[in-house]
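Student: Just a sequence and a predicted model for now, questions to come.
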Amino acid sequence: MSGKVTGFAMARRLPPLNALRAFEAAGRRQSFVGAAKELNVSHAAVSRHVRGLEARLGVRLFRNLPRGVALTEAGDAYLAETSRALDLIEAATDRLTEGARRRVSVSAEPTFALKWLAPRLSDFHAQHPEIEIVVDANARIADLKGGECDVGIRWTRAEMREPGATLISNHPAYPVASRSFAAGLNLPVSPEDMQGLALLHEDSGAIWRRWFAAAGLSNPALRERTGRIGSLMAIEAALAGQGVALSSAELVAKDIDEGRLVRLSEIGVDFGGYHVILPPGAAGRGPAARFRDWLLGATETLRSR
């Protein structure tokens, strides 16, 4: 009697994917902090994943240094294979999801979206023609955790920055006005003369008071009709000759270069910065991460300090 023996495949002995992602990012960056920023998780989460992976494998993958970590010989060899495996998974996923998954929705603060991002999106498309970027220029903060967008670009003060957010721009703000508005002024405008002008911004003059403090004038007598409008509208109002706006020079660089706006003073004031953030737990790979990486590269000159 003859028969056929059927073999049964054993379940794959694979570590948890999140642990592999944490190890690969930490090994590639040689930093748990860098891996945490890339993966948009806490430093403790990366450390927990790596220690759990080491315990599962029975192999030490990192050694501690006075400042940071370094791969062991075993860790270096494992990193090469792990990176290759994750690259294969990413490539297979990209091929399988060439439609909706290659569309990246970006929720961006309107001023940054219209004055900086929009004129440069063609540069991204030239490098990544397979990825479609859909920008929602809206002051409302989209719910990253709820899946309302793939990438968020927000303005915030440094002390209020969300965990996992990466700085894009931290240039100080300077007073700017239209050429026609500035025609009758003595440049640079002194702080004493500035307080008599129509000053435009959204927060009842708080940022202007910070500017005057930086200029050495602690109790400015601001005109009552200081405009209370959004930062993008403030720039547009300044372009229309209605007053003086405070804006990062990088956001209005084209307007200044082409003569539509004039900087009224060389005194600048810190007013926070723009940050980019991906949803919690998002990998440092895929279309959204590629957009984030392009954005950080393109804005490198904006992080001057």
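Tutor: It's in.
Student: Mark out where each domain of this structure begins and ends.
Tutor: Structural domains assigned to the chain are 17-95, 103-170+273-299, 173-263, following the TED database.
Student: starting at the chain centroid, how far to the second one?
Tutor: If you compare the mean C-alpha spot of domain 103-170+273-299 with that of the full chain, they lie 6 Å apart, counting by Cα atoms, centre = their mean, to the nearest Å.
Student: who touches the host helix or strand of H49?
Tutor: Following DSSP states H and E, one finds H49 within helix 43-57. Outside helix 43-57, the residues that touch it by Cβ atoms under 8 Å, 6 or more residues apart in numbering are 15-16, 18-23, 25-26, 32-33, 35-36, 39, 60-62, 78. C-betas here are computed from N, CA, C, even on glycine.
Student: again, only using 7 Å
Tutor: Outside helix 43-57, the residues within contact range by Cβ atoms under 7 Å, 6 or more residues apart in numbering are 15, 18-19, 22-23, 26, 32-33, 35-36, 60-62.
Student: Heading C-terminal from it, find the next helix or strand.
Tutor: Heading C-terminal from helix 43-57, the first helix or strand you meet, by DSSP H and E, is strand 62-65.
Student: next SSE after that following strand?
Tutor: Read in the C-terminal direction, the helix or strand following strand 62-65 is strand 68-71, with elements assigned using DSSP H and E.
Student: Can you give me the buried ones in that following strand?
Tutor: V69, L71 (16 or more other Cβ atoms under 10 Å).
Student: Listing partners with orientation, what would you give for that strand?
Tutor: Strand 68-71 has its sheet partners listed here by DSSP bridges as strand 62-65 (antiparallel).
Student: Let's see the strand it pairs with as CSV, backbone CA atoms only.
Tutor: What follows is strand 62-65, C-alpha atoms only, in CSV (Å, rounded to 0.1, in the frame of the first residue of the first chain):
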residue,chain,number,x,y,z
PHE,A,62,23.3,47.5,21.1
ARG,A,63,26.0,48.6,23.5
ASN,A,64,25.7,51.8,25.6
LEU,A,65,28.1,54.7,25.1
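Student: For the stretch 101-250 of the chain, just list every one of the strands.
Tutor: Along the stretch 101-250 of the chain, counting by DSSP state E, counting those that start in this stretch, strands occupy 103-108, 132-137, 151-156, 166-169, 173-178, 199-201, 227-228, 244-248.
Student: Dump these to a markdown table, plus mean pLDDT.
Tutor: As requested, those are arranged in a markdown table below (pLDDT from 0 to 100):
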| stretch | mean pLDDT |
| --- | --- |
| strand 103-108 | 89 |
| strand 132-137 | 90 |
| strand 151-156 | 86 |
| strand 166-169 | 82 |
| strand 173-178 | 93 |
| strand 199-201 | 82 |
| strand 227-228 | 54 |
| strand 244-248 | 88 |
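Student: Cool, thanks, talk later.
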